[in-house]
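Q: Here you go, sequence then predicted model.
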Amino acid sequence: MAKLKITQTKSIIDRLEKQKRTIVALGLGRPNYSVIREKNPQTLGMIEVVKHLVRVEEYEG
């Protein structure tokens, strides 16, 4: 299955609680942190909630 590299680009200070919890659920927490996640409907849904706070790239590895 395809993988995604998700990098947090902005802080979660002064954001909605749902967005803060979504960032934590993705395994992020500070700007410039990255995680590798499977590309599935659950992950894509979480990315949609915080798309203005993260950068998403296809991961080859």
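A: Perfect, thanks for sending it. Residues are numbered from 1 along each chain as shown.
Q: Next, the contact list for the closest residue to residue 33 other than its chain neighbours, please.
A: Computed as CB to CB, 6 or more residues apart in numbering, the closest residue to residue 33 that is not its neighbour in sequence is residue 8, at 5.3 Å. (Glycine included, C-beta is placed from N, CA and C.) By CB atoms under 8 Å, 6 or more residues apart in numbering, the residues touching residue 8 are 23, 28, 29, 30, 31, 32, 33, 34, 53, 54.
Q: likewise residue 23?
A: 8, 12, 29, 50, 53, 54.
Q: Sitting in strands, which of those do you find?
A: Judged by DSSP state E, the contacts of residue 23 include 8, 54 as members of strands.
Q: Show me which of the contacts of residue 23 has the smallest pLDDT value.
A: The pLDDT minimum for those sits at residue 29, where the score is 94.
Q: what's the closest of the contacts of residue 23 to residue 1?
A: The nearest member of the contacts of residue 23 to residue 1, counting by CB to CB, is residue 54 at 19.9 Å.
Q: Who does the closest one form a beta bridge with?
A: Judged by DSSP bridges, the bridge partners of residue 54 are residue 8.
Q: and it, how many neighbours does it have?
A: 23 (other CB atoms under 10 Å).
Q: do the same with residue 33
A: 15.
Q: quick one, phi/psi of it?
A: phi -80, psi 150 (degrees, to the nearest 10).
Q: Please report the distance of it from residue 41.
A: 23 Å (CB to CB, to the nearest Å).
Q: try residue 51
A: Taking CB to CB, one finds residue 51 at 15 Å from residue 41.
Q: neighbour count winner among the two?
A: residue 51 (10 against 7).
Q: If I look at the more buried one, what pLDDT would I see?
A: The predicted local confidence for residue 51 is 97.
Q: Relative to residue 18, how far out is it?
A: 13 Å.
Q: And for residue 36?
A: Taking CB to CB, one finds residue 36 at 23 Å from residue 18.
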